[in-house]
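In: this is the structure alone, sequence omitted:
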């Protein structure tokens with residue numbers, strides 16, 4: 001969750017109108033709606049009741065609003081402590097990420113908001129594999145990185161020269177074409193996969209390594225028929241019935257997955273966590289970017305705080 005999502009929520013909550021809130025935020029209405037949907041997914045509850053003519057706060061939205069305002073005050077105060085004013089912050093910020101983080105982090109919006117608020121900073125952005133990201137952080141070639149790792153991942157981020165906090169966590173889903181042999185089965189298990197082809201990401205992707213490790217720990221063999229470096233290509237191959245895929249749920253949420261059969265595949269070792277990582281040498285621009293994001297611990301506290309108000313609403317998330 002990032003600061004822009006919270007600002008979007010507060011704008012809609014105060015205006016009770018998506019069009020006016022979008023004008024205030026200087027974004028398109030579709031972009032604002034997407035930001036609110038992403039926030040509702042992260043909080044696992046519905047914040048607004050929408051009809052074709054009206055928008056009102058749902059009970060969980062009423063409970064979340066004072067917390068959201070407090071989060072914004074704290075985040076803005078922290079930014080002011082790091083910078084006397086946006087025009088006084090300058091320098092180069094190298095940011096790296098994994099190839100695809102699904103909708104866990106809205107990178108274009110985050111980077112655009114950062115650039116708008118701190119125009120004196122030159123941002124250099126690149127997508128790289130996780131090991132390359134770590135190497136570049138260690139060598140000072142990047143000031144910050146969004147690094148996806150297995151949920152149990154600890155050691156490299158715990159070393160003194162790297163600092164990190166978790167910003168998102170995701171489980172995995174099995175996706176397949178409706179015509180696939182496994183699509184009509186509700187009891188698919190690990191051993192059922194051995195006779196079916198898989199569409200996989202390249203071995204440099206963290207999501208692929210997590211799946212490979214899960215199969216290896218169970219002493220199971222699977223056949224990777226297609227290995228790709230693009231999530232849209234992966235989903236298209238699955239659509240064509242050329243294989244099944246085990247992918248993070250946020251990737252299965254992409255519009256390109258519409259029409260596929262999706263099943264949560266809940267296992268302790270199938271967890272994909274995204275960390276915001278800096279080093280002890282990262283400068284003020286990297287610290288400012290970090291202050292625009294909220295940790296999973298903060299998210300958990302927010303869910304707990306609005307839990308009573310959102311009872312019975314989490315399964316009805318609509319646009």
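Out: That came through fine. Remember, predicted model here, so these are calculated numbers, not experimental data.
In: let me know whether residue 38 touches residue 5 as I believe.
Out: Yes. Using Cβ atoms under 8 Å, residue 38 is in contact with residue 5, at 6.3 Å. Quick note: C-beta positions are derived from backbone N, CA and C, even for glycine.
In: downstream of the helix-or-strand element of the chain with minimal mean pLDDT, the next helix or strand is which one?
Out: For the chain, using mean pLDDT, DSSP states H and E, the weakest element among its helices and strands is helix 155-158, scoring a mean of 48. Downstream of helix 155-158, the next assigned helix or strand under DSSP states H and E is strand 162-176.
In: quick one: low-confidence residue ranges for the stretch 51-200 of the chain.
Out: Counting by pLDDT under 70, the stretch 51-200 of the chain shows low-confidence ranges at 81, 83-87, 102-103, 152-160.
In: run the last query once more with 90
Out: 51-53, 70-91, 98-113, 116-120, 127-140, 147-170, 184-189, 194 (pLDDT under 90).
In: tell me which stretches of it form strands.
Out: Under the criterion DSSP state E, counting those that start in this stretch, strands of the stretch 51-200 of the chain are mapped to 55-57, 91-97, 121-127, 144-150, 162-176, 197-201.
In: give me the angle between the second one and strand 144-150.
Out: With axes from the mean of the first three to the mean of the last three Cα atoms, to 10 degrees applied, the angle from strand 91-97 to strand 144-150 works out at 20 degrees.
In: tell me what strand 91-97 is packed against?
Out: strand 121-127, helix 130-138, strand 144-150, helix 284-290 (3 or more Cβ pairs under 8 Å, 6 or more residues apart in numbering; DSSP states H and E).
In: how near is residue 3 to residue 58?
Out: Remark: distance between residue 3 and residue 58 (Cβ to Cβ, to the nearest Å) = 22 Å.
In: kindly apply the preceding question to residue 258 instead.
Out: On the measure of Cβ to Cβ, residue 258 and residue 58 end up 26 Å apart.
In: for those two, indicate the residue with more neighbours.
Out: residue 58 (20 against 10; other Cβ atoms under 10 Å).
In: relative to residue 69, how far out is the more buried one?
Out: For residue 58, the distance to residue 69 equals 17 Å [Cβ to Cβ].
In: pretty sure residue 63 sits against residue 302.
Out: No. If you go by Cβ under 8 Å, residue 63 and residue 302 don't touch, sitting 9.5 Å apart.
In: these two: which is more packed in?
Out: residue 302 (22 against 19).
In: check which helices and strands the helix or strand hosting the more buried one sits against.
Out: Using DSSP H and E, residue 302 falls within helix 296-305. On a contact count with 3+ Cβ pairs under 8 Å, 6+ apart, helix 296-305 meets helix 29-43, helix 59-82, strand 162-176.
In: hmm, try it at 10 Å
Out: helix 29-43, helix 59-82, strand 162-176, strand 271-279 (3 or more Cβ pairs under 10 Å, 6 or more residues apart in numbering; DSSP states H and E).
In: thanks a lot, catch you later.
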